[in-house]
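In: model this:
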Amino acid sequence: MWDFIGTKLGDFITFTGFACGEWSNYIMMLVGIFFIWLAIKKDFEPLLLIPIGFGIILGNIPFKSIGLEVGIYEDNSVLNFFYSGVKDGWYPPLIFLGIGAMTDFTALLANPKLLLVGGAAQFGIFGAYIIALMLGFEPNQAAGIAIIGGADGPTAIFLSSKLSPNLMGAIAVCAYSYMALVPVIQPFFMRLLTTKKERVIKMKPARQVSQTEKIIFPIVGLLMTAMIIPSGLPLLGVLFFGNLLKESTKTTRLAKTAGSSLNDIVVILLGLTVGCSTQASEFLTADTIKIFILGAVAFAIATCSGVLFVKLMNIFLPQHKKLNPLIGNAGVSAVPMAARISQNMGLKYDKHNYLLMHAMGPNVAGVIGSAIAAGALLGFLG
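Out: Below is the predicted model of the structure:
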């Protein structure tokens, strides 16, 4: 009996995380703790970084696979079941449904030319795509990496799940990391590319948008985008559907569910499983470092493209219709964080210059633009 107990006790010790752990596991755990610290201490996207950070810790608890089915990459495990929403790409459309149900497109409808600013910011995606190809990534992998430039985590997950599933964990963490770091990264480029005179430009109040326009927009928007880019339907379709639920005024309960309870559930599962997918053996590679560098480049290009495009538009606009270039950064898809940065930067140089509602125009256009870009890449490469 004592021999049996001694043998089993010895086996048990060899199965513990302390016995199975490698230095790489502990590095990733520290990364997860750092994410949680950023979320709590610095208030950087806590709804995303806390689930992802905890998931990184959870996914890097070392163990020996002895048929217990506990790891995220083990068939029939609970974590693997949750991860199917990431792997098979059905979490992102549910997130877009919630985004549509929460988003007010009034600022864009009031000033449609702001759609061009959101489109210009997508140059970050295609610029990063070219650089990724030059660094030796395959076309499909380059597309998954480049979409990080749209600062849209769900879109990055959706596209990488289709085109580059082997890089999806790194792409997803990179995309959400840069989304959270928008307040750190963007102000530098905004100051670099604008003058003091440009930063204090006051824009005219937006016109009133009728409820009829708000109802028509999701229908027309779907037809105008999906008829050109059918491959974007999983994202664009549910985005506009969610917005119609909101604006119709007849389905308020459905819109609230899509934008609150359902969205919260999906965000929890998405963040946790994305974090869990960063097991050290899969994540700590040379390609991951390249992806993080390319993600930063893509994000910088996107921010600069939006700001510079507003400056270009101002050359052709009359004095009383000029746009403040500080809203150009909001062309990325980080809603509404990028728009709040425009607001904060504007107030820094003029305490009476409120840019939030103006910045929301290119910000929501960026959501549409990133989905269109993803659909275009999927249609071209899929």
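In: Ile157 and Ala330, how far apart?
Out: For Ile157, the distance to Ala330 (C-beta to C-beta, to the nearest Å) stands at 22 Å. Just so you know, the C-beta spots here come from the backbone N, C-alpha and C atoms, and that holds for glycine as well.
In: ok, the two, which is more surrounded?
Out: Under the criterion of other C-beta atoms under 10 Å, the comparison of Ile157 against Ala330 puts Ala330 first, with 39 against 27.
In: right, and the more buried one touches Pro362 too?
Out: Yes - at 4.6 Å, Ala330 and Pro362 qualify as touching, with contact defined as C-beta atoms under 8 Å.
In: overlap in contacts of the two?
Out: Between them, Ala330 and Pro362 have Val117, Gly306 as joint contacts when contacts are counted by C-beta atoms under 8 Å, 6 or more residues apart in numbering.
In: what sits against Pro46?
Out: Neighbour list for Pro46: Ala39, Ile40 [criterion: C-beta under 8 Å, 6+ apart].
In: ok, for Thr288, nearest residue in space, not its chain neighbours?
Out: Distances taken as C-beta to C-beta, 6 or more residues apart in numbering place Ala170 nearest to Thr288, at 4.4 Å, with adjacent residues excluded.
In: can you tell me the helix or strand for that neighbour?
Out: According to DSSP states H and E, Ala170 maps onto helix 168-180.
In: number of residues surrounding the residue nearest to Thr288?
Out: The number of residues packed around Ala170, counting by other C-beta under 10 Å, is 27.
In: now swap in Tyr73 and tell me
Out: Other residues within reach of Tyr73, judged by other C-beta under 10 Å, total 16.
In: pretty sure it is in contact with Lys87, am I right?
Out: No - distance between Tyr73 and Lys87: 9.9 Å, which falls outside the contact criterion (C-beta under 8 Å).
In: any weak-confidence spans in the stretch 1-150 of the chain?
Out: Per-residue confidence for the stretch 1-150 of the chain (pLDDT under 70) gives these ranges: 1-4, 6-8, 10-17, 19, 21, 65-68.
In: hey, where'd the helices end up in it?
Out: Assignment of helices within the stretch 1-150 of the chain using DSSP state H, counting those that start in this stretch yields the ranges 2-15, 17-20, 23-41, 46-59, 78-87, 91-102, 106-110, 114-120, 123-134, 139-146.
In: between the longest one and helix 168-180, how big is the angle?
Out: Orientation note: helix 23-41 sits at an angle of 30 degrees relative to helix 168-180 (axes from the mean of the first three to the mean of the last three C-alpha atoms, to 10 degrees).
In: got a list of what Ala296 touches?
Out: Neighbour list for Ala296: Tyr178, Ile185 [criterion: C-beta under 8 Å, 6+ apart].
In: so that it lines up with my notes, have the first residue be 20 from now on.
Out: That works, and once the first residue is 20, the last one we named lands at Ala315.
In: helix or strand right after the top helix by length along the chain?
Out: Of all the segments of type helix in the chain, defined by DSSP state H, the longest one is helix 305-335. Under the assignment DSSP H and E, the closest C-terminal helix or strand after helix 305-335 is helix 356-368.
In: just the CA trace of that following helix, in CSV.
Out: Extracted in CSV, the C-alpha atoms of helix 356-368 (Å, rounded to 0.1, in the frame of the first residue of the first chain):
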residue,chain,number,x,y,z
MET,A,356,-11.7,55.9,-27.5
ALA,A,357,-10.1,57.5,-30.5
ALA,A,358,-12.8,60.2,-30.7
ARG,A,359,-12.2,61.0,-27.0
ILE,A,360,-8.5,61.5,-27.7
SER,A,361,-9.5,64.1,-30.4
GLN,A,362,-11.6,65.8,-27.8
ASN,A,363,-8.9,65.8,-25.1
MET,A,364,-6.3,67.1,-27.5
GLY,A,365,-8.6,69.9,-28.7
LEU,A,366,-9.4,71.0,-25.2
LYS,A,367,-5.7,71.0,-24.3
TYR,A,368,-5.1,73.8,-26.9
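In: which elements pack onto the next helix or strand after it?
Out: The first helix or strand that comes after helix 356-368 along the chain, using DSSP H and E, is helix 375-400. In terms of contacts (3 or more C-beta pairs under 8 Å, 6 or more residues apart in numbering; DSSP states H and E), helix 375-400 is packed against helix 125-129, helix 133-139, helix 142-153, helix 158-165, helix 172-182, helix 230-245, helix 252-266, helix 356-368.
In: dump the ones you listed to a markdown table, plus distance to Leu273.
Out: Output for the helices and strands packed on helix 375-400, formatted as a markdown table (distance: least, C-beta to C-beta, whole Å):
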| stretch | distance to Leu273 |
| --- | --- |
| helix 125-129 | 20 |
| helix 133-139 | 27 |
| helix 142-153 | 32 |
| helix 158-165 | 32 |
| helix 172-182 | 20 |
| helix 230-245 | 14 |
| helix 252-266 | 5 |
| helix 356-368 | 26 |
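In: right, so of the ones you listed, which gets closest to Glu64?
Out: Closest to Glu64 of the helices and strands packed on helix 375-400, according to C-beta to C-beta: helix 356-368, at 7.4 Å.
In: between helix 305-335 and the closest one, find me the angle.
Out: Relative orientation of helix 356-368 and helix 305-335, computed by the same axes, to 10 degrees: 50 degrees.
In: list the buried residues of helix 356-368.
Out: By neighbour count, and taking 16 or more other C-beta atoms under 10 Å as the criterion, the buried residues in helix 356-368 are Met356, Ala357, Ala358, Arg359, Ile360, Ser361, Gln362, Met364, Gly365, Tyr368.
In: excluding its backbone neighbours, what's nearest Phe53?
Out: With sequence-adjacent residues excluded and distances taken as C-beta to C-beta, 6+ apart, Phe53 is closest to Gly72, at 7.4 Å.
In: how near is the spatially closest residue to Val136 that is not a sequence neighbour to Ile166?
Out: The spatially closest residue to Val136, leaving aside those adjacent along the chain, is Pro381, at 3.8 Å (C-beta to C-beta, 6+ apart). Summarising the geometry, the distance separating Pro381 from Ile166, computed by C-beta to C-beta, is 18 Å.
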